[in-house]
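**Q** Pasted the sequence and its predicted model underneath.
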Amino acid sequence: AQKITQTQPGMFVQEKEAVTLDCTYDTSDPSYGLFWYKQPSSGEMIFLIYQGSYDQQNATEGRYSLNFQKARKSANLVISASQLGDSAMYFCAMRGNTGANSKLTFGKGITLSVRP
Amino acid sequence: DVKVTQSSRYLVKRTGEKVFLECVQDMDHENMFWYRQDPGLGLRLIYFSYDVKMKEKGDIPEGYSVSREKKERFSLILESASTNQTSMYLCASSPGVFPYEQYFGPGTRLTVT
């Protein structure tokens, strides 16, 4: 069974600073994918970034980067140069290597508040 | 851009009513999913479908059923709504190819009174 753990209850960051949101995972699959989603107060889940378990480099997408440490089973999201619009809930998720059965397991989320 | 739409943003129903939540995606995705989201519990998978007329139970299927008659449409049905089904319901779709990222609709906030 897959498990995602997000233990930070809430995070605060000053505008323009960087912030790291923690995510640890557990799986017995040798191949898997890790995802981060953003959910603003409007409710829609927005896909941010993906990391494959065999990817040699950490994923980056604009101001988002994923600090992937496979041996420690962690996949932390780093947001650089925080903006007020980054205030939202952030979810870490993972998928095993099951092809068409592409279920995601989500963590419970972390609330990020960006202060002006 | 991928677009996933849900029939209602807000819905209020009475206990015992039959409730239909509709989801439509316009990107020809093979896979579709229904989740419910509750504070402190994150997203929990109710049902998913990886092809027309195919369905698989997720983690919390009790009290729900689904229908997928066309590739673009995936319906969630509450046969007899109960107050413990008051929640935010999110629909998602994903392509049938790697890395299978999921795209979500705006959600339906359902209140059962």
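**A** Received, thanks.
**Q** CA atoms for contacts and neighbours, from now on please.
**A** OK.
**Q** Now do the same contact list for the most centrally placed residue in chain B.
**A** Nearest to the centroid of the C-alpha atoms of chain B, with distances taken as CA atoms, centre = their mean, sits B:Trp34, at 2.8 Å. Taking CA atoms under 8 Å, 6 or more residues apart in numbering or on different chains as the criterion, B:Trp34 is in contact with B:45-48, B:76, B:89-92.
**Q** In PDB, list the C-alpha atoms belonging to the helix or strand hosting B:Phe74.
**A** Per DSSP states H and E: B:Phe74 is located in strand B:73-78. Provided in PDB are the C-alpha atoms of strand B:73-78 (Å, rounded to 0.1, in the frame of the first residue of the first chain):
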ATOM      1  CA  ARG B  73     -18.600  11.900 -19.100                       C
ATOM      2  CA  PHE B  74     -18.400  10.300 -15.600                       C
ATOM      3  CA  SER B  75     -21.300  10.500 -13.300                       C
ATOM      4  CA  LEU B  76     -21.400  10.000  -9.500                       C
ATOM      5  CA  ILE B  77     -24.700   8.800  -8.000                       C
ATOM      6  CA  LEU B  78     -25.700   9.000  -4.400                       C
END
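**Q** Tell me the buried residues in the helix or strand following that strand?
**A** Next helix or strand after strand B:73-78 toward the C-terminus (DSSP H and E): strand B:87-94. Within strand B:87-94, the residues that count as buried by 16 or more other CA atoms under 10 Å in any protein chain shown are B:87-94.
**Q** Now flag whichever of those is closest to A:Lys73.
**A** Of all the buried residues of strand B:87-94, the one with the least separation from A:Lys73 (CA to CA) is B:Ser94, at 24.9 Å.
**Q** Chain A versus that closest one, what's the distance?
**A** Separation of B:Ser94 from chain A (CA to the nearest CA, to the nearest Å): 8 Å.
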